[in-house]
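S.K.: sequence first, predicted coordinates after that:
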Amino acid sequence: MNEVKEEKINKIKITKHIKILIGSNNKAKIEGAKLAFEKYFSDFEIISKDISSGVSAQPINEEILLGARNRIKGLKELNINNIDFYISSEAGLISIGDLYVNINMGVIEDINGHESIGTSQGYMIPKNKIELVKEKTLGVVLDETFNGINLNRNKGGINYLTLGEVNRIQLVRDSFILALVPFLEQNQKIWK
């Protein structure tokens, strides 16, 4: 039997104060960003600004990245001084063959214009719901299906679907953690 050796990873938090500008006032997105950045930075602040994604209400495939990039572009146009990271979160559907999976995408751009993206894990949308979701958005379809009120807000419809095991905040957090990879000190020279 091959024994897998677990490598000890030293986590060193960056102590320099950083300013992060996020392109949304959505509480779940802000909380997810906070949870991701606190893993690697000990002194930071997140400033939120409501910026339009400029894409359809239900982003599909490339629209997810485009919407997130549009939010970052809008943040940069605000000309707020001393920002270290512009960040954005956009959820949407990706098609894989004849299937659709809902994911969250986190996009981070630093002051030098270096961009990185990360995605959350995803979950499949039932085939018999796809056309409704494209027409009305996933949040509306979840509310109609489960007689909920704003399942797409706060912890999200995934919290309901997984019986509380996974929530929207976690999906946002995970996508931002993965987008942070090239900005972490040990990766900057070899993975950027």
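M.R.: Structure received. Numbers count the residues shown, from 1 in each chain.
S.K.: helix/strand/coil for I72?
M.R.: helix (DSSP: H, G, I helix; E, B strand; the rest coil).
S.K.: any regions of the protein where pLDDT drops low?
M.R.: Applying pLDDT under 70 to the chain flags residues 1-12, 151-154.
S.K.: where along it do the helices fall?
M.R.: When secondary structure is read from DSSP state H, the chain shows helices at 27-37, 62-77, 130-136, 138-146, 156-161, 168-179.
S.K.: and for the fifth one, what's in contact with it?
M.R.: It stands for helix 156-161. The set of residues external to helix 156-161 that reach it, using Cβ atoms under 8 Å, 6 or more residues apart in numbering, is 28, 102, 123, 138-139, 142, 146, 148, 151, 166-169, 171. For glycine as for every other residue, the C-beta is placed from the backbone atoms N, C-alpha and C.
S.K.: can you list the helices of the chain in CSV and add mean neighbour count?
M.R.: Listed next are the helices of the chain as CSV, based on neighbours: other Cβ atoms under 10 Å:
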stretch, mean neighbour count
helix 27-37, 22
helix 62-77, 19
helix 130-136, 15
helix 138-146, 18
helix 156-161, 21
helix 168-179, 24
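S.K.: which among those is found nearest to E115?
M.R.: helix 62-77 (7.9 Å; Cβ to Cβ).
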